[in-house]
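# could you look at this predicted model? Sequence included:
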Amino acid sequence: MPPRPPVMLASSAGFGAGTSASDGVRGRALATGLVVAAVALLGIPTFTRFGQVFWSKPDDTHAPIVLIGVLLGFWHERHALTWETAPAQRGVGLFLALVGAVLLAVGRAQLFYQLEGAGLLLFALGSACAMAVRTSWKRLALLFALGLFLIPLPATLMDAALLPLKLALTEAVVRSLAAAGLPVGSHGVIISIGFYQLQVADACAGLRSMLALTAIGLLFIHFVPVRGRHTHAMLLALIVPIALVANYCRVATLVLLTYGLGGDFSDRAHNIAGYAEIALTLALFVIAHWALERRAPQVRP
Amino acid sequence: MKALSATAVGGGFLALALLATAGSMALGRTLHPAPMPGAAALLARVPEAFGRWQIVPGTAEPINPAQPDAQGRPGRVYDAIVSRTYAAPDGAQVMVMLAYQDRQYQEDRIHSPELCYYAQGFVLQDRQDVVVSLAGRARVPARAFHGASLHRHEDVVYWIRTGNALRADALATRFEIFNAALHGRIDDGLLVRVSMTDDLGPPMSALARRRLLVRFLQDFFAASPVPVRLALAGYEGT
């Protein structure tokens, strides 16, 4: 395999006409095809592995949805990837991709998933840098920021960083259900209800899903046209509260189901809860958007 | 710069992608695991008795070193687990847990007991870095904490060996694993954990229990046969 790439480089450099103005429509289309092939060649194995190792766990089922969202986002922005770029910019893009490729190769060989993911993202960033006109950079930056959500965070870091949030959420669920007269109590992350004990492990509190829900909020803002800066800012500010509310509903529902139906839940119940959570998040965004848009004419000067 | 035409640059990206794919395969082939042969049998050779301590059937169930996943199943499989309870004449009991994994990866490795205890409903208090001086010259960076749950209060001291390195800090362990792989090694790993609950033996302050555990580790190590010592602390510790 190694001898092939230089051949391709040489042949394409042979008929390539040089500066950005003289690439020609067909040359640019071919170049785009090559870049898409390159990103797919690296991305498909990486995301397949992430899918097997991380996203098949019940608390991470959101990540594929974020991936689809990001891919749709790039499709949406495809008109920005025109190759109307200066040679210097292309050089920088190639350099970024080189660094990304090295990180990816080392990370993949070591099963160091974060390094592999970061390398892939850097590679994609490099290719976008080579192709995209400057005016589109801001919009593409959001997509790359979303891409960060696709890199699985180290489990230990997640637990350490999100521990207080998890405890607070457990506490909120238990207090509100106890106020409603249910026999609920908690200690640490263990919720006891009736005769059952529930562990608010990652699946229930789904704080990993907090991140994914935040990403979904960002995607909503990316895709849904928003009138006015004020509305935009309000929606951004609402991302985290909405994700928290959705999470709260998920934990409370699972606790109530345990109380009503007994202790054993299948993976499917957790998965359904995960998807319901996404639907709830989107519904809350639609409502918030609608409410803000209605108010918007009064707010704007 | 003629060389930077769109097609040439596009080809460059594809070339990089091919090289990265081939490179990761080649790098993967250079990695060699170095597991300890017969780990379970070897670790079982811990001393039956030393000082005032003697192995007894434990009265308290030790905390599983595997952090259960969302459905409560053990999330991680160890290649060998040796669990013993030692009792002193005054009624004090110390639980020893040795958990071995023959390959350490960034996301699949022995993780800190803090996580296991936390995931099993303990609230962690008084986390502290302690140094355990072993017979000979090694000073092992270990960690101590107190776990409090509804039904159980437990003091814990542990260290983790990765290859020949002794670390209690997760970030340092990550770096160690990364560095080992760059040198072509996939290291093995061992968790060395001792703990005692507060309901057995004479009443003691938490600090006294912590001191007792450190002392216990030193004596336990000194009383172990050389192969077990190597397993516990690597070459650095023996």
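Received the coordinates, thanks. Residues are numbered from 1 along each chain as shown, chains lettered A, B, ... in the order given.
# for the rest of this, base every contact and every neighbour count on C-alpha atoms.
Fine.
# give the helix, strand or coil label for the most centrally placed residue in chain B.
In chain B, the C-alpha nearest the mean C-alpha coordinate belongs to B:Leu191, at 2.5 Å (CA atoms, centre = their mean). Following DSSP: H, G, I helix; E, B strand; the rest coil, we place B:Leu191 in the strand state.
# next: B:Tyr158.
strand.
# that one bridge partners, please.
B:Arg143, B:Arg193 (DSSP bridges).
# kindly tell me how buried it is, as a neighbour count.
Residues near B:Tyr158, counting by other CA atoms under 10 Å in any protein chain shown, number 29.
# cool, and the one 4 residues further on?
Here the neighbour count serves as a burial measure; for B:Thr162 (other CA under 10 Å) it reads 27.
# hey, where'd the strands end up in the chain?
Just so you know, I chose chain A. According to DSSP state E, chain A carries its strands in the segments A:184-187, A:190-193, A:196-199.
# sorry, should have said chain B
Using DSSP E, strands in chain B cover B:32-33, B:49-50, B:53-56, B:80-87, B:93-101, B:123-133, B:139-148, B:153-162, B:165-167, B:185-186, B:189-197.
# give me the neighbour count for B:Tyr117.
23.
# would you confirm that it contacts B:His146?
No: when contacts are counted by CA atoms under 8 Å, B:Tyr117 is not listed as touching B:His146 (9.8 Å).
# mind listing the shared neighbours of these two?
B:Leu124 (CA atoms under 8 Å, 6 or more residues apart in numbering or on different chains).
# for the record, mean pLDDT for the top helix by length along chain B?
In terms of residue count, the longest helix belonging to chain B (DSSP state H) is helix B:6-30. If you average the pLDDT over helix B:6-30, you get 93.
# would you map the helices across chain A?
For chain A, applying DSSP H gives helices covering A:4-15, A:25-50, A:63-76, A:87-110, A:113-131, A:137-148, A:155-179, A:202-205, A:207-223, A:229-261, A:267-299.
# turn the ones you listed into JSON lines, including distance to B:Ala168.
Listed next are those as JSON lines, based on distance: least, CA to CA, whole Å:
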{"stretch": "helix A:4-15", "distance to B:Ala168": "45"}
{"stretch": "helix A:25-50", "distance to B:Ala168": "28"}
{"stretch": "helix A:63-76", "distance to B:Ala168": "31"}
{"stretch": "helix A:87-110", "distance to B:Ala168": "22"}
{"stretch": "helix A:113-131", "distance to B:Ala168": "22"}
{"stretch": "helix A:137-148", "distance to B:Ala168": "29"}
{"stretch": "helix A:155-179", "distance to B:Ala168": "13"}
{"stretch": "helix A:202-205", "distance to B:Ala168": "24"}
{"stretch": "helix A:207-223", "distance to B:Ala168": "25"}
{"stretch": "helix A:229-261", "distance to B:Ala168": "33"}
{"stretch": "helix A:267-299", "distance to B:Ala168": "34"}
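# coming back round to it: how about the longest helix of chain B: buried residues?
Across helix B:6-30, burial judged by 16 or more other CA atoms under 10 Å in any protein chain shown covers B:6-21, B:23-24, B:27-28.
# on contacts alone, who are the packing partners of it?
helix A:4-15, helix A:25-50, helix A:87-110 (3 or more CA pairs under 8 Å, 6 or more residues apart in numbering or on different chains; DSSP states H and E).
# 10 Å instead, please
In terms of contacts (3 or more CA pairs under 10 Å, 6 or more residues apart in numbering or on different chains; DSSP states H and E), helix B:6-30 is packed against helix A:4-15, helix A:25-50, helix A:87-110, helix A:113-131, helix B:170-182.
# what's the closest of these to A:Leu280?
helix A:25-50 (25.5 Å; CA to CA).
# so how far is that closest one off the chain centroid?
20 Å (CA atoms, centre = their mean, to the nearest Å).
# equivalent analysis for stretch B:110-123, please.
12 Å.
# what about that stretch, how long is it end to end?
Between the opening and closing residues of stretch B:110-123 lies a distance of 21 Å (CA to CA, to the nearest Å).
# next one: stretch B:216-230
End-to-end distance of stretch B:216-230 (CA to CA): 18 Å.
# next one: stretch B:78-94
Here the two ends of stretch B:78-94 are set 22 Å apart, with distance taken as CA to CA.
# ok, back up a step: which of the helices and strands packed on helix B:6-30 sits most buried?
Greatest average neighbour count among these goes to helix A:113-131 (a mean of 25), per mean count of other CA atoms under 10 Å in any protein chain shown.
# put the alpha carbons of it into CSV.
This file holds the C-alpha atoms of helix A:113-131, laid out as CSV (Å, rounded to 0.1, in the frame of the first residue of the first chain):
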residue,chain,number,x,y,z
TYR,A,113,-9.5,6.5,21.3
GLN,A,114,-9.3,10.1,22.3
LEU,A,115,-6.1,10.6,20.4
GLU,A,116,-7.6,8.8,17.4
GLY,A,117,-10.7,11.0,17.5
ALA,A,118,-8.7,14.2,17.9
GLY,A,119,-6.5,13.2,15.0
LEU,A,120,-9.5,12.5,12.8
LEU,A,121,-11.0,15.8,13.7
LEU,A,122,-7.8,17.6,13.0
PHE,A,123,-7.5,15.9,9.6
ALA,A,124,-11.0,16.9,8.7
LEU,A,125,-10.3,20.5,9.9
GLY,A,126,-7.2,20.5,7.7
SER,A,127,-9.2,19.4,4.7
ALA,A,128,-11.9,22.0,5.4
CYS,A,129,-9.2,24.6,5.7
ALA,A,130,-7.8,23.8,2.3
MET,A,131,-11.3,23.9,0.6
